[in-house]
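Q: my questions are about this predicted structure, shown below with the sequence.
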Amino acid sequence: MPDLLTLIAPILNALLVALIARKALGVPVGWPRSIAMGLFMGATVAWAAGYISELTGVYVDGQAKAPLGVLFVVAALVTAWVFVIGLIVLVLLELFVPTGTLPSPLTFLRGWKARRSRARRYTQVMRIAAKHGLSGYLGGRRRAHEGQAAIARSLRDALNEGGVTFVKLGQMLSTRRDLIPEVFANQLATLQTRAEPEPWPQIERAIEEELGAPLGQVFLTVDSSPLASASVAQVHAARLLDGTPVVLKVQRPGARKQVTSDVEIILRLGRWLERATPWGGSLRVSRLAEGFAASLDEELDYTVELDNLRGIAATLDGGVRVPTAHGAHSTGRLLVMDRLEGTPIGDAGALLATLPAATRKEIAERLLSEILRQLVRTGVFHADLHPGNVLVTADGSLGLLDFGSVGRLDQPTRNALGMLLLAIDKNDAIGATDSLIEMLDRPEGLAERELERDIGQLMVRYRTGLGRGGSSGMFAALFKLIHAYGFAVPPQIAGAFRALAALDGTLTLISPDLDVVGAARRQGREMMREVTEPEAVRADLESRLAGYLPILQRLPRRINKLAEDLEHGRISINIRPLSDERDRRFLTGLVHQVVVAILAATATLGAIVLLASDIGPMVTPSLRLFALIGFALLLVGFVLALRSLALVFRRQ
């Protein structure tokens, strides 16, 4: 029992000291470091008390040289000063390593294996960056505009070697021409996620795990050779038991685990680059990384793609087809859809060459019309319209694939986008500027007149489709102009511009001589005519007026009361400062800190005066009473000063 008490007593003492320390500092300091400080105090206080007692002559050669009360005061002061030293250590720790920035011991032990795996992967990524000559740019020691073409090629090769997650990151960046130079976007757009097919037994086992049944109970046949093989998923042809031809999009085993690990590394790299490099801060790399992580997480969940597919299908008017999904057989890692006949635009060069130019132009305009209708009228649009996701048949029918990336626009944004297209059609720079400001988040200090002039010049340059890059360059140029003026582009609107930019390349492959801007102006004019025709405007006004009717009914009575109050001098304005609880808390905290700082300064100055004085009664031959009081007062000043500093650090 005595041994057990000997073991428990220091722990209980450490817990008590930790509790007192947290209360003294006034901030929730972490328990582990507080308990460690308590153990330190318990281990050193006895030695410190003996040393100080001999130094002051209170206790010499094992004998007391001062009254018992003085011995007690000296011991209490020594204990308190050891405690203060511990508080100083805690405050310094809170300054450099705030509570919560390090994992708890239990969490550290649990995540050791994952951290070791992540460290290996992180080292591998940094080795790949160094191999391709990018380590200097990651460290901020070299400027990213030096030799952009060579850097862009190195970045493409590094991302391609990094694996699927980094390839997809590069593909996402290639669509953000508002943020990265065109040479980088062009190089990153060539990244591909094709991969060697997974062995069929593993894919078969993955499909059966998702179905919860053998393949023969759901499908009549399943082709073991994939139609397409990417690094995340494979697509296999199959037939349901009733003979319906379908395709199975199945996620590779282990793909989510690898992507999740890499995404965590990308998030860490993004935060580090934003802090360590000027270009990382200007591009807000951490926000880009977070947006990429969110979109990739949705892409790995095929239930999201299933909902996206159904959302797009519900808005189509027959000009473009999409596959029908079979929700009963689809899961988070397996998507079963009807098979669409056709050839991807990227592989349909020979097929398109057999079609007359007028037919190809009509196909391209039909695709453009459908996407603009999705953007302006329905608000649900396909956001990844690269040539591999658009199918064409010999008779000119169109189909859309891969609904992992679908955007949604609210009604005000759709109206603003439609008005932008209408303003472009009318060469109205003022209307286009107003539409952009309505659609985007206005930056501080926006030079509206300069923006208006630049948009007007852009319209003149691309009016006939003869600008640099052809008519398809207008959307990319408009996006660059938006970024140049510091607009904060919301993710969904960025997705809409990204969809239009990707659509440019697809339309060019279908019909190289198509004037994309001219077609967009015609399509936008037709759509906005439907919205702005008298009957549509009347119906919109009637619906809005119905909402305001109760207010209008009460308006005469309120005007009459306001006039009477004004006539009799009963109108007054009441201002209640600090009525918001947050303002009161802020002011109270500020006053608290000022008072604590003043008390700390007063106690410290008083202690210095007492310690410096050479008068007063002697407690021992080498210790004056005023010095003893000064040490106590200095202790109070130190504790108050530490509390004030801890509150400041915690607020920051």
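A: That came in fine, so what should we check first? Numbering: from 1, shown residues only.
Q: now do residue 122 against residue 266, distance only.
A: 11 Å (C-beta to C-beta, to the nearest Å). Where you see a C-beta, it was placed from the backbone N, CA and C, and this is true even at glycine.
Q: no, scratch that, I was asking about residue 452
A: For residue 452, the distance to residue 266 equals 39 Å [C-beta to C-beta].
Q: give me the more crowded residue out of the two.
A: residue 266 (21 against 17; other C-beta atoms under 10 Å).
Q: is residue 403 in a helix, a strand, or coil?
A: Using DSSP: H, G, I helix; E, B strand; the rest coil, the structure places residue 403 in coil.
Q: burial count for it?
A: Residues near residue 403, counting by other C-beta under 10 Å, number 26.
Q: and if you look at residue 319?
A: Number of residues near residue 319 (other C-beta under 10 Å) recorded here: 12.
Q: and it, which helix or strand is it part of?
A: Using DSSP states H and E, residue 319 falls within no helix or strand.
Q: also residue 586?
A: helix 581-612.
Q: helices or strands next to that helix in the packing?
A: If you count contacts as 3 or more C-beta pairs under 8 Å, 6 or more residues apart in numbering; DSSP states H and E, helix 581-612 packs onto helix 625-651.
Q: helices or strands up against the helix it packs on?
A: Against helix 625-651 (3+ C-beta pairs under 8 Å, 6+ apart) you get helix 2-25, helix 68-96, helix 581-612, strand 618-620.
Q: which residue is the nearest non-sequential neighbour of residue 154?
A: residue 132 (4.3 Å; C-beta to C-beta, 6 or more residues apart in numbering).
Q: what about the strands in the stretch 51-200 of the chain?
A: Secondary structure of the stretch 51-200 of the chain (DSSP state E, counting those that start in this stretch): strands at 59-60, 63-64.
Q: so for the first one, mean pLDDT?
A: Meaning strand 59-60. Here strand 59-60 scores 62 as its mean pLDDT.
Q: how far does the longest helix along the chain sit from the chain's center?
A: Criterion DSSP state H: the longest helix present in the chain is helix 534-567. Distance of helix 534-567 from its chain centroid, counting by C-alpha atoms, centre = their mean, to the nearest Å, is 43 Å.
Q: likewise for stretch 386-394?
A: The answer for stretch 386-394 is 32 Å, by C-alpha atoms, centre = their mean.
Q: can you list contacts of it?
A: Residues outside stretch 386-394 that contact it (C-beta atoms under 8 Å, 6 or more residues apart in numbering): 340-346, 348, 351-352, 354, 363, 367, 382, 398-402, 502, 505-506, 509-510.
Q: and the end-to-end length of it?
A: This stretch, stretch 386-394, spans 20 Å end to end (C-alpha to C-alpha, to the nearest Å).
Q: in it, what's buried?
A: Going by neighbour count (16 or more other C-beta atoms under 10 Å), the buried part of stretch 386-394 is 386, 387, 388, 389, 390, 391, 392.
Q: mind saving the C-alpha coords of the host helix or strand of residue 260 as CSV?
A: Element membership for residue 260, per DSSP H and E: helix 255-276. Output in CSV follows, covering the C-alpha atoms of helix 255-276 (Å, rounded to 0.1, in the frame of the first residue of the first chain):
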residue,chain,number,x,y,z
ALA,A,255,-8.2,3.1,-55.7
ARG,A,256,-10.0,5.1,-53.0
LYS,A,257,-7.4,4.3,-50.3
GLN,A,258,-4.6,5.5,-52.6
VAL,A,259,-6.4,8.6,-53.7
THR,A,260,-7.4,9.5,-50.1
SER,A,261,-3.7,9.2,-49.0
ASP,A,262,-2.5,11.4,-51.9
VAL,A,263,-5.2,14.0,-51.4
GLU,A,264,-4.1,14.5,-47.8
ILE,A,265,-0.5,15.1,-49.1
ILE,A,266,-1.9,17.6,-51.7
LEU,A,267,-3.8,19.5,-49.0
ARG,A,268,-0.6,19.7,-46.9
LEU,A,269,1.5,20.7,-49.9
GLY,A,270,-1.1,23.4,-50.8
ARG,A,271,-1.1,24.9,-47.3
TRP,A,272,2.7,24.9,-47.2
LEU,A,273,3.1,26.4,-50.7
GLU,A,274,0.7,29.2,-49.8
ARG,A,275,2.8,30.1,-46.8
ALA,A,276,6.3,29.5,-48.3
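Q: kind regards, and thank you for your time.
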